[in-house]
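In: Any chance you can model this:
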Amino acid sequence: LVSELKDKTFGGVLKLNFVTQMIVLTFYSAFAFAGYASFGDATSSNILQNYDSSDLVIGIARGGLASAVAFSYPIFWLSLRDTLDSFLFPHPKSIRFEFLRSFRVRVNIQAFLFICLSLTAALIVPTLESAFQFTGAIGACSLCYILPGLLYFRLGEGRWYSPSKLGALLLSSTGCVFVVMFLVSFFTPTA
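Out: Purely as a prediction, here's the structure:
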């Protein structure tokens, strides 16, 4: 995305991020207010459940929701895949198994594993609301804690026990703890 900008500076990226977040916030807020104005306290967390399923407009909205989920998935996994690949294989030419030296082979193996994990999650998670909670919590922890910590650990200078690298490990570990806490609370039955 940055390569498409005319102003490829930090300020340009920051401005793009701010503008897109404001657009998203506006749409989400308008949708939330409209849903609450229509249904009050009876508003479902998945607002599409408040409408009749035979309504054509609601069918189009469900299709849009499915598209949003389908098209956001590759964006999330692409960044995760690249980060994990650079972390796990910092020097691809020195990999013991020759077939793993090829980026394409590693990417295909990682894609297969990600798809297996995704299908497992899809089979475990019972509702769309739960799926959004599941992916939101894991995605947020990965993007905010785990991946930045791993990247900083990989790119930082010094030995693994240097203060900066220990801080990076602490950041990633905190994210892992949050993921475990979320998974425990997610799978613990409520009374």
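
In: Now do the contacts for R81.
Out: Residues in contact with R81 (Cβ atoms under 8 Å, 6 or more residues apart in numbering) are V107, Q110, A111, F114. No exception for glycine: its C-beta is placed from N, CA and C like everyone else's.

In: Look up how far F87 lies from it.
Out: R81 sits 11 Å away from F87, going by Cβ to Cβ, to the nearest Å.

In: Check N17 too.
Out: 24 Å.

In: Point me to the helix or strand that includes the one residue sitting closest to the centre of the chain.
Out: If you average the C-alpha coordinates of the chain and look for the closest C-alpha using Cα atoms, centre = their mean, you land on G139, 3.2 Å from that point. With elements delineated by DSSP states H and E, G139 resides in helix 128-141, which encompasses its position.

In: which parts of that helix are buried?
Out: By neighbour count on 16 or more other Cβ atoms under 10 Å, the buried set for helix 128-141 is L128, F132, Q133, F134, T135, A137, I138, C141.

In: Give the buried subset of the contacts of R81 as a PyMOL selection command.
Out: Selecting only the buried entries of the contacts of R81 in PyMOL, with 16+ other Cβ under 10 Å as the criterion:
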select buried, resi 110+114
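
In: among the contacts of R81, which are in helices?
Out: Secondary structure assignment by DSSP state H places V107, Q110, A111, F114 of the contacts of R81 in helices.

In: ok, the contacts of R81 vs G35, which is closest?
Out: Compare each of the contacts of R81 with G35 using Cβ to Cβ and the shortest gap goes to F114, at 32.8 Å.

In: top helix in the protein by residue count?
Out: Ranked by residue count and defined by DSSP H, the top helix of the chain is helix 56-88.

In: Would you mind measuring the gap between the ends of stretch 41-50?
Out: With Cα to Cα, to the nearest Å as the measure, stretch 41-50 spans 11 Å from end to end.

In: can you check stretch 146-162 too?
Out: Start to finish, the residues bounding stretch 146-162 are 18 Å apart (Cα to Cα).

In: Can you list the buried residues in it?
Out: When burial is assessed from 16+ other Cβ under 10 Å, stretch 146-162 yields the following buried residues: I146, L147, P148, G149, L150, Y152, F153.

In: If we ignore the residues flanking it in sequence, what's nearest the last one?
Out: The reference is to F153. By the measure of Cβ to Cβ, 6 or more residues apart in numbering, the closest residue to F153 outside its immediate chain neighbours is A168, 3.9 Å from it.

In: the more surrounded of N17 and F87?
Out: The neighbour count for N17 versus F87, taken as other Cβ atoms under 10 Å, is higher for F87 (15 against 11).

In: Now do the contacts for the more buried one.
Out: The neighbourhood of F87, defined by Cβ under 8 Å, 6+ apart, consists of L150, L151, F153, R154.

In: pLDDT weak spots in the chain?
Out: Segments of the chain classed as low confidence (criterion: pLDDT under 70) are 1-3, 10, 128, 190-191.
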